[in-house]
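*Asks:* Need a 3D model of the sequence below.
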Amino acid sequence: MENSTVIVKSFGKILPKEKMNTRSPYPHQISAMKNLDLINTNKQYSTLVVLPTGGGKTYTASVWLLKNAINKQKKILWIAHRKTLLDQAVESFQQYAYKDFIPNISSFQYRVISGDAEHDKTINIEKSDDLLVVSKDSIGRNLKNIDRWLEDEEEVFLIIDEAHHSTAKTYRKVIDYIKEKVPYVKLIGLTATPFRTNDNEKGLLSRIYKDGVELGDVVNNDIGIAYNISLKELISKNILSKPIFESYYTDESYGRSLGIKGLESIQNLDMLPEDIQKEMAQSAARNQLIVKTYKENQKNYGQTIVFAVNIVHAIQLITLFKKEGINAAYIVSNIKDIVTGVTVSSKDNEKNLEDYRSGKIKVLVNVNILTEGVDLPQTKTVFLARPTVSTILMTQMIGRALRGTKAGGTDLAYIVSFIDNWNEHIAWVNPDSLFIGENEFVDNVAERVQHELRLIAISKIEEFAAILDNSVDTSKLEQIDFIKRVPIGMYSFSYIDENGMESSYQIMIYDSTKKAYEEFINALPEVFSAFSCEDEYPSQSILEEMEAQCRDTFFLGDMIPNYEKKDVIRLLKYYAQYESAPKFYLFDDIDRDKLDLGKIAKYIYEEDMGISKKTEYINSLWDEAQDPILRNFFGKKLYFKSQLEMEIMKLTDEDLFLKENNVEYGARPLEDLTLHKLGKVNPDLEKKIRAEVFEKSKDKEGYYTCAVCTKKAKNRIYFQIDHIVPMNKGGKTKIENLQVLCRKCNGTKSDIEVI
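*Replies:* Okay, the predicted model is just below:
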């Protein structure tokens, strides 16, 4: 075995391609490169290049760097947070390493580093490496391993991919470290979405990216920007297609008993457990809905790529497509499937791709490949028949259809989602969410409303399904006016977890929760101060403790709809990473009166409609072509009709929600319950008691005071309420037996109670 070696792709030497480059950059990419040329006349700088999804950020940056860094023997450190982005960057440098870009060198050395088994480690970095493509966490944990690489360097190019995340603690630490080691750092951030954040985070971005080029009318909030072009502008120039989002709701439910391993597989690896893959792949109704949807809209959809769950799913789908007379094929990795025994080679894939390019194949079903690097500009539609928690994968999937007419593609792109009911609150990426903050790409208010309603609709599926499920107690929710169940806005944000997965969330805010969330958001700095939490990734136990304290401080009283514990934890994770609050989006374009089922029910009741007339009227509301607000909000007619019937029954049957009770239960005084248990019975009373106990602890200056150590603070987040005489010694939950203690004193008591 002496001198035995194995070929790996994680590092190596890139030689200039002798043939000439045949790809011509688009005008906006040329402009971006020219602006980078201007800013590159400075010895050091920090700037952003802003290109929307589909605008070619990686191509633009890699070609410019080949000419201006590699060709001049300057070192590049390229940082991203996910394996896919790292591989994409390396492939771009390899693909465009033409001799006319790098005439002054005979080769250059690259190394790609992350925690993935296919990549290298920081310990193996060599002084001779010219291009390091490194994951955020690998470099953040091993900064000293680049000391030798940076030694004696006067100048280095530092590239942050997905730079809207560069306000995170690890990124800031890496940037500061490199600036300490190298006299002249040329920092370039690449992003599609720098302005979706609130003012605090924009302030952090402006402290990182300080240098820009005059951009005419563009308002950049003092952030240094070398180049910026909007999605709307690329659409108007026909470089990108205008995305049209459609959603179809299946009647399938999955994930009822995923278990911890299944959830971790989805959340950390974006992989569905095999049993659920099998269930989804073999769902006849779901597959028929996919094929029927295409067949009924074939003229609009044109050539379509379907992203499937697995190879079994692909086989099932193409069988159904062919049965309907639609020529379809699938492409997968070079594998032999153990279930079907089917072998698919790269040769088979190439033939199917060529047939798709020539138009022989109308529908191409894709399993786990075809994200970047395959050019299929004639694709007009993508069917998202597999869910994903990865914003990167979602961006790549929808990007397959975004090539505009100037790029050999189409003027419109249909993004069609097939949405199942999941009962485990998994944060699947909604493709609409990638365009939050990009509202300028829609042409009118009506389109903006549809965009917002689709975001809401997906968030409401579980609620509507739960009401139809007799095993779930939703009686409190059913009793309130329907209009109170219509959100008034949302917090939208994303963060990177410990596994490098970028997770995207939208938290719907209601009249009932608005004030509590505002107080919680404003107090986030003090929440973290109270827990002395400075970690970018707090442990789950700390997050649970913080959430419990926030519940007792902010989320008290009767809230229907109620706040969700998971949403508070996600907001805590976001703040831990960015030290900033997420942006709040108000749904001010939505005409809430049109969603008020109480008013619709009252009209039906007062008009005394018979069954036939009522059915006709309900159908007319749902089918209204000019204003599809109800369809966009409810998604499924079943949900709309069931919720409307419930509102009608409230008017016609006052005893609807009263259940006959033939049991006489015992009665326990409320003062015998802990505060938390009391709150489950009477949330408003718990809120009142807590307020009075805290008021009792205030001094003349308005400071709350710990009854033991006399610690003072003006925010309740530092304190907890405790029984003076413990309940197991006869103490009652009464104001005179309750006191305020700081968290430390309460935690060190010998008789700890959770109240």
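
*Asks:* how far away is Tyr563 from Ala314?
*Replies:* Distance from Tyr563 to Ala314, counting by C-beta to C-beta, to the nearest Å: 41 Å. All C-beta spots, glycine's among them, are computed from the backbone N, C-alpha and C.

*Asks:* Go ahead and confirm Gly55 touches Glu233.
*Replies:* No: assessed by C-beta atoms under 8 Å, Gly55 is found out of contact with Glu233, at 9.8 Å.

*Asks:* Output the below-cut-off pLDDT ranges for the stretch 601-750 of the chain.
*Replies:* 654-661, 750 (pLDDT under 70).

*Asks:* and Gly55 and Glu233? which has more neighbours close in?
*Replies:* Neighbour totals were compared for Gly55 and Glu233, and Gly55 leads with 24 against 16 (other C-beta atoms under 10 Å).

*Asks:* Before we go further, the more buried one is sitting in a helix, right?
*Replies:* No: counting by DSSP: H, G, I helix; E, B strand; the rest coil, Gly55 is not part of a helix but coil.

*Asks:* list the contacts for it?
*Replies:* Taking C-beta atoms under 8 Å, 6 or more residues apart in numbering, we find Gly55 in contact with His28, Gln29, Ala192, Ile229, Leu234, Ile239, Leu240.

*Asks:* one more time with 7 Å
*Replies:* Taking C-beta atoms under 7 Å, 6 or more residues apart in numbering as the criterion, Gly55 is in contact with His28, Ile229, Leu234.

*Asks:* Without its sequence neighbours, what residue ends up closest to the second one?
*Replies:* In space, Ile229 comes closest to His28 once its chain neighbours are excluded; the distance is 4.9 Å by C-beta to C-beta, 6 or more residues apart in numbering.

*Asks:* how about the helix or strand hosting the one you found: buried residues?
*Replies:* Using DSSP states H and E, His28 falls within helix 27-39. By neighbour count on 16 or more other C-beta atoms under 10 Å, the buried set for helix 27-39 is His28, Gln29, Ala32, Met33, Asn35, Leu36, Ile39.

*Asks:* Among these, which one sits closest to Gln626?
*Replies:* Gln626 lies nearest to His28 out of those, by C-beta to C-beta, at 36.3 Å.

*Asks:* hang on, isn't that closest one packed against Asn228?
*Replies:* No: applying C-beta atoms under 7 Å, one finds His28 not in contact with Asn228, separated by 9.9 Å.

*Asks:* I'd like to know how many residues surround Glu154.
*Replies:* Counted with other C-beta under 10 Å, residues neighbouring Glu154 total 9.

*Asks:* Just list the residues touching it, thanks.
*Replies:* By C-beta under 7 Å, 6+ apart, the residues touching Glu154 are Pro183, Tyr184.

*Asks:* Mind pulling the model confidence for it?
*Replies:* With respect to pLDDT, Glu154 scores 96.

*Asks:* Could you measure from it over to Gln109?
*Replies:* 19 Å.

*Asks:* Ok, Lys292 next?
*Replies:* To Gln109, Lys292 is 53 Å away according to C-beta to C-beta.

*Asks:* what's the answer for Leu376, then?
*Replies:* Distance from Leu376 to Gln109, by C-beta to C-beta: 33 Å.

*Asks:* which one of the two has more residues nearby?
*Replies:* More neighbours surround Leu376 than the other of Leu376 and Gln109, with 17 against 14 (other C-beta under 10 Å).

*Asks:* In a strand, the more buried one, correct?
*Replies:* No: counting by three-state DSSP, one finds Leu376 to be coil, located in no strand.

*Asks:* so what pLDDT did it get?
*Replies:* In this prediction, Leu376 carries a pLDDT score of 86.

*Asks:* got a list of what it touches?
*Replies:* Tyr356, Arg357, Arg400.

*Asks:* Could you pull up the residues touching the last one?
*Replies:* Spelled out, it's Arg400. Ile305, Leu376, Thr379, Val382.

*Asks:* which element follows the lengthiest strand in the chain toward the C-terminus?
*Replies:* Of all the segments of type strand in the chain, defined by DSSP state E, the longest one is strand 242-254. Downstream of strand 242-254, the first helix or strand assigned by DSSP H and E is helix 259-269.
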